[in-house]
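In: need the 3D shape of this:
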Amino acid sequence: WQTASSTYSDAKTQETGFLLRLAVGSALSGIVAAFLFRAGAVQIIAATPYLVAWGAAPVVVKWLSGGRETGFQAPLALEDETYLRGVARETWRYFDDFVGPQTNWLPPDNYQEALTVEIAQRTSPTNMGLWLLACVAAGDFGWITLDEVAARCLATLQTFDEMEKHEGHLLNWYNSLTLEPLRPRYVSTVDSGNLLGSLWTLARSIKEISRAPLFTNAALDGIRDTLGVLERTLAEDKTSFTLEISEIKRILDDPHEGPVAVIRALRSLEKPVSALSRSLSMRALPKTSSARSKSDLISAATDPRFSISPSSYWAAQLETQLDLWLQSINRYGRWAEILAEPGDEFWISLGGDAPELRARSLNAYSLTELGRADNEALREFLDRRNRDGVPGEVRELAQKISDEWGRARWLAGEMLAQCEAVNDRARGLADGMKMNFLFDPERKLFSIGYSVEERRLDASYYDLLASECRLASFCSVARGDVPASHWLALGRRFGETSSGPALMSWSGTMFEYLMPLLFQRAFENSLLERAVKTAVAAQIAYGKRRGVPWGISEAAFSALDANHIYQYKAFGVPGLGLKRGLEDDLVVAPYASLMALMVDREASISNLKQLEALGLRGDYGFYESIDFTRERLEEDSIIAVAEGETARVGGRKAAEAQKGAIVRCFMVHHQGMALLAMQNVLLDFAVQRRFHSDVFVEAAQPLLFEKIPEAPPVLEDQSGENSRPARIEAAGAPVERSQSPDTPAPRAHLLGSERYGLMVTAAGAGYSRWRDFEITRWRSDTTRDNWGQWLYLRDLETNVSWSATHQPLKRAARRSGVSFKAEKAEFDRRDAEIETKLEVCVSPEDDAEVRRVTLINHSSRARKIEVTTFAELALAPHAADRAHPAFNKLFIQTA
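Out: Numbers count the residues shown, from 1 in each chain. Modelled structure (predicted):
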């Protein structure tokens, strides 16, 4: 047994030794070349290529042994960089607004701003890991200070201590307000892997930023980002605030070299920023409200009782952001301000080299250097104040600097302790998450998860390299939780696309290919680099072929549940995914394009601007998705109009529905992935760099060098794009039709899942069962066939009644029919110019029965139809109910 750090160290030592041995050979080649040259030997010409190759061997071997990460060909244009930083700043707003002490410092899963306005107060390990790294990203961009990064991350990690765990793993879902796990309690392999990678990255990040300079241009860039978003919200109204905005821009655009210049710029911003914020805040809240503080404005922006203009919100944010930096200056930079204020001649009494010592003292300093007093130049400078002949005013100012430096060192030490606590807690939680209990050693694969309720692994497994589980697999192999053979056991199936052979995933989503890329480097000419590039190219080609923007992934879409909450599903590109039916839906998610920035940023930025033109940019960056699926568009339009959301939701007329239905919600894990992708692209792949600086990752990095097969076996087209599901169903799915339910013996149809089942006859009778319990009372009666669940309809104007099925009213219909299909039973009939369609099925995901009734009015007048359902409940095993039916009825109550 050997630790990862030891393995990595040994590997480095072995590489160095090997290169040294080659260097000896190179030296010999030089000696031979010199000998041949001096001897004037004719053979020198023929020997030159061999001698050069011999001498260059160490360089060539070093180049071949190190994988090169993929990169972009050219730097971002300033316009594109500004655009992405603006999107990133808006994306961070989700975390800034919705995560705080009110949520136990846990990120809510999603926010829906249309149809039903709701903040979903539940969260998962993936959400929590991405929230922690989003805090780090906000610090890197300059939107919050290091103090804020450490405080928020530590608060979240402390919350983890109060949450129920299993084998050291956080469970799949929690109520973010009560911290109670949501049932069924479950450990998800993907979620645990994502959290593990996030914790490793967080630990490395907090060490790096605590050793980085405290005051840099990042602070000013962050303020510029917020100002840019504010200008965008002001639009034409910007001319009213030209003076303040111009002054802020002038200060930001001036060159600022060194921490003192940055500190002075931040101080200079206080007056114009305050004036701008004050001007905008006067029109922010209702006149009846006495609230006028920045926190009032920011809180009111997410409160439906208030209508806060976006410009007022962002002005308050701009002032709050500057206040955080000014607080940081007051804590750690006052000594530097005082030291830099007088000219060099003021300090000349401290020695001829005093100006040089002062300049060295003011070099960029970090929290670590400040907390550990690692500033020898400043220490020597201040010690000279007690020399003879030093004027009193110099001695007094030097003493003031010494006092401020001492206070700053004390405060920096406290903050360093917080940073260490973040590192220790992140490492401790990660170390406790052993992944091997989720692993099947016989299959050499990870199960999709572990059911805590049933105490068993799920029977489904992740068996593809191109999957969202790739990060979990890599981290587990890197730490030694599972053998390296697991990585080789992952399937590498190839499919043919317009861009060549592509490594296939299950669903063909951008998420499966690019989510692990947030952390893992894609090395040049490696299998994974080719996989992500081909996947993005296939997505672009598919978007062009369908005539819509590209970027298809798992996302919320326009279908709604009974509470008008958007539903969620994995969508993919046919040809990339093994799953059939991918061509049936067309849902484009902007976060997919934001992640694709790491692969093809030019195409991604162009696509994002196209999506913005369609109306997909909202208050928190880009909306979740736009649904182009033709079958859903008209229905979504009707719902939107019915809810009075014509303006905000785009309650389009049927003719306008072709533009797509915008899904106006924000999913926190998509917000987090989008933000980290932009951080990678804009800030020199900071997430990848920090993840790969972990010793476990460095030791396992060669797994990512896997080369592309010369001639990979390509599967035949799995998309099924040329054969619609309807034709497949007609050819292969048996359908039994009965024109009349009046048959000599009841014709029955059985439907069910693992635990839930039902029987329904052509007359509409039948029963429902869950495990060994009958839900509805039923007796076998082939003559009358009159036990079951009934649906009655009554015309309120004519008082005419009928039932959706032949039973129980047994009314003759103008037209009726029964269809038994593999997945459902359908009853169609027409009574009193009303067509009734009843569909009965069992949910494949939950222990539930679904009955959907559709009414179509074929008359020329409006109709009022009363719908009533009835079922006699048993809630007991069949034998017990038959033996004591009256006894069972005593204990059943209905609301």
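In: would you map out the domains in the protein?
Out: Domain ranges of the chain: 4-65, 215-332, 733-889, per automatic domain parsing.
In: chain center to the longest one: distance?
Out: Read that as domain 733-889. Computed by Cα atoms, centre = their mean, to the nearest Å, the chain-centroid distance of domain 733-889 equals 43 Å.
In: follow-up on the earlier one: among the domains of the chain, which comes closest to Leu683?
Out: Taking Cβ to Cβ, domain 215-332 is the member of the domains of the chain nearest to Leu683, at 8.9 Å. C-beta: built from backbone N, CA, C; applies to glycine.
In: and that closest one, end to end?
Out: One end of domain 215-332 sits 10 Å from the other (Cα to Cα, to the nearest Å).
In: let me know the average pLDDT across it.
Out: Domain 215-332 comes out with an average pLDDT of 83.
In: mind pulling up the pLDDT for the residue lying closest to Gly621 once chain neighbours are set aside?
Out: Spatial nearest neighbour of Gly621, chain neighbours left out: Thr91 (3.6 Å); criterion: Cβ to Cβ, 6 or more residues apart in numbering. At Thr91, the predicted lDDT confidence score is 98.
In: ok, the one 3 residues further on next?
Out: According to the per-residue confidence, Tyr94 scores 98 in pLDDT.
In: and stretch 785-798, what's buried?
Out: For stretch 785-798, the neighbour count (16 or more other Cβ atoms under 10 Å) marks 785, 787-791, 793, 795 as buried.
In: go on, stretch 605-612?
Out: For stretch 605-612, burial by neighbour count (16+ other Cβ under 10 Å) applies to 605, 607-608, 610-611.
In: am I right that Ala537 sits in a strand?
Out: No - under DSSP: H, G, I helix; E, B strand; the rest coil, Ala537 falls outside any strand and is assigned helix.
In: closest to Asp585 out of the buried residues of stretch 605-612?
Out: Taking Cβ to Cβ as the measure, Asp585 lies nearest Leu611 of the buried residues of stretch 605-612, at 17.5 Å.
In: what sits against that closest one?
Out: Residues near Leu611 by Cβ atoms under 8 Å, 6 or more residues apart in numbering: 549, 551, 588, 590, 593, 617, 622, 626.
In: can you list contacts of stretch 842-858?
Out: Against stretch 842-858 from outside (Cβ under 8 Å, 6+ apart): 751-753, 755-758, 768, 770, 789, 791, 793, 804, 830, 833-841, 863, 865, 867.
In: which non-adjacent residue is nearest Leu370?
Out: Leaving aside its chain neighbours, Leu370 sits nearest to Ala412 (4.1 Å; criterion: Cβ to Cβ, 6+ apart).
In: wait, Tyr756 touches Phe773, no?
Out: No - in this structure Tyr756 lies outside contact range of Phe773 using Cβ atoms under 8 Å: 10.3 Å.
In: which of the two has more residues huddled nearby?
Out: Using other Cβ atoms under 10 Å, the more surrounded residue of Tyr756 and Phe773 is Tyr756, with 18 against 14.
In: measure that one to Gln789 for me?
Out: According to Cβ to Cβ, to the nearest Å, Tyr756 stands 14 Å off from Gln789.
In: ok, Glu849 next?
Out: Distance from Glu849 to Gln789, by Cβ to Cβ: 9 Å.
In: between these two, which contacts overlap?
Out: Counting by Cβ under 8 Å, 6+ apart, the common neighbours of Glu849 and Gln789 are Ser768.
In: picking up where we left off before, now, the buried residues of stretch 605-612 that are in strands?
Out: Using DSSP state E to define strands, no part of these is located there.
In: cool, thanks, talk later.
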